[in-house]
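Asks: only the shape, not the letters, is given here:
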């Protein structure tokens with residue numbers, strides 16, 4: 001078993017990490033960190049549990065630590081659910097101390113020697129870990145992208161055999177993406193908010209890195225453009241998006257690509273049977289009906305139309321955050337980087 005910790009374990013994504021890691025066959029959850037006001041408490045007392053699944057009692061007695069490298073000395077790998085403004089210093093200190101970091105934070109995503117990974121799409125970018133170690137870092141930092149970027153790039157993986165140069169996407173993003181305290185009820189109830197800070201920019205630049213080519217020294221960005229419009233909607237979990245891509249009218253071939261594409265990854269605990277699932281119904285995918293497919297790790301696709309236009313949807317705190325980092329870690333271990 002590999003000893004792991006969660007940084008920022010009491011927040012929305014932190015709780016999702018804890019839920020998914022409790023009972024994991026390869027990872028032993030041994031350290032949970034949070035702010036100073038939670039440090040010293042048992043996790044069951046520090047975390048105001050708000051997920052839809054029962055509290056994992058087997059981790060309830062873990063004493064929460066302050067978020068410092070000293071508190072992480074007995075772990076081999078940490079999962080970071082820290083906000084970006086706090087993640088930078090702590091994650092780098094962990095990497096320099098020989099700890100592997102799988103981060104959900106945006107801080108290092110666009111650094112030239114840091115992998116920005118969706119395993120089914122660009123697992124080969126994990127070779128950038130060697131670039132970090134060549135610079136003298138004993139550990140490493142591996143990031144997963146923004147939650148909406150993950151849904152988009154998963155949907156693009158089956159389309160790599162087609163020729164295209166321009167992607168446009170409009171998202172309808174769940175309120176859980178803003179955290180437990182992120183959006184007041186009076187702001188989102190009976191409403192739609194057509195702005196999420198930095199979200200459009202993240203989708204536009206992260207997609208190009210993920211879909212780009214790693215030549216062993218650097219990533220060459222993908223040769224297409226991405227334009228995003230991001231909206232917050234009154235859905236609890238599940239980011240939906242409408243995608244326009246300039247593939248010349250080949251609806252049947254695109255549908256077949258979505259139906260038949262499979263990941264080439266080995267069998268891993270968090271990898272769903274179908275990373276992409278095409279639903280041949282006129283009113284799907286829908287968050288409430290489809291977000292828990294593949295235990296929340298499947299991206300559902302539907303409504304392919306001439307243009308090409310289609311719908312994509314996935315669970316933002318599982319596929320789009322904690323589950324993505326855990327799958328990254330499983331691939332890292334499978335490829336002997338840890």
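Replies: Good, I have the coordinates. In this text the structure is predicted, and so the values were computed from the model without any measurement.
Asks: which residue lies farthest from the center of the chain?
Replies: Most distant residue from the mean C-alpha position of the chain: residue 249, 31.1 Å away (CA atoms, centre = their mean).
Asks: which non-adjacent residue is nearest that residue?
Replies: Sequence neighbours aside, residue 306 is the residue nearest to residue 249 in space, at 4.9 Å (criterion: CB to CB, 6 or more residues apart in numbering). C-beta coordinates here come from the backbone N, C-alpha and C atoms, glycine included.
Asks: thought the one you found was touching residue 252?
Replies: No. Between residue 306 and residue 252 there is no contact under CB atoms under 8 Å: 10.7 Å.
Asks: which stretches in the stretch 51-200 of the chain count as helices?
Replies: Secondary structure of the stretch 51-200 of the chain (DSSP state H, counting those that start in this stretch): helices at 84-96, 119-122, 128-134, 147-156, 185-188, 199-210.
Asks: what packs against the second one?
Replies: Spelled out, that is helix 119-122. Contacts defined by 3 or more CB pairs under 8 Å, 6 or more residues apart in numbering; DSSP states H and E place helix 119-122 against helix 147-156, helix 323-334.
Asks: let me see the domain layout of this protein.
Replies: 2-145+321-334, 147-314 (automatic domain parsing).
Asks: tabulate those domains (a markdown table), appending mean pLDDT.
Replies: Putting those into a markdown table (pLDDT from 0 to 100) gives the following:
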| stretch | mean pLDDT |
| --- | --- |
| domain 2-145+321-334 | 96 |
| domain 147-314 | 97 |
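Asks: which of the ones you listed is buried the deepest?
Replies: Mean neighbours per residue, mean count of other CB atoms under 10 Å, is largest over the domains of the chain for domain 2-145+321-334, with a mean of 20.
Asks: pull up the distance across that one, start to finish.
Replies: End-to-end span of domain 2-145+321-334 (CA to CA, to the nearest Å): 12 Å.
Asks: try stretch 31-44
Replies: Counting by CA to CA, you get 14 Å between the two ends of stretch 31-44.
Asks: gap between it and the chain center?
Replies: Remark: stretch 31-44 is offset 24 Å from the chain centroid, using CA atoms, centre = their mean, to the nearest Å.
Asks: got a list of contacts for that stretch?
Replies: 3-10, 14, 18, 46-47, 55, 57, 59-68, 71-72, 74-75, 78 (CB atoms under 8 Å, 6 or more residues apart in numbering).
Asks: switch to 6 Å and redo it
Replies: By CB atoms under 6 Å, 6 or more residues apart in numbering, the surrounding residues in contact with stretch 31-44 are 5-7, 9-10, 46, 59-62, 64-67, 71-72, 75.
Asks: over to stretch 52-72?
Replies: Counting by CB under 6 Å, 6+ apart, 5, 7, 19, 22, 29, 31-34, 36, 38-39, 41-44, 46, 49, 90, 93-94, 97 sit against stretch 52-72.
Asks: mind checking which of those land in helices?
Replies: 19, 43, 44, 46, 90, 93, 94 (DSSP state H).
Asks: now, which of those sits nearest residue 167?
Replies: residue 19 (32.7 Å; CB to CB).
Asks: can you report phi and psi for residue 220?
Replies: Torsion angles at residue 220 (phi, psi; degrees, to the nearest 10) stand at phi -90, psi 120.
Asks: what values do phi and psi take at the residue nearest to residue 249?
Replies: phi -50, psi 140.
Asks: apart from its neighbours in sequence, what residue is nearest residue 231?
Replies: Using CB to CB, 6+ apart, the closest residue to residue 231 is residue 194 (5.0 Å).
Asks: one step back: the contacts of stretch 31-44 in strands, which ones?
Replies: 5, 6, 7, 65, 66 (DSSP state E).
Asks: want to throw those residues into CSV with distance to residue 267?
Replies: What follows is the ones in strands among the contacts of stretch 31-44, written out as CSV (distance: CB to CB, whole Å):
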residue, distance to residue 267
5, 26
6, 25
7, 28
65, 34
66, 38
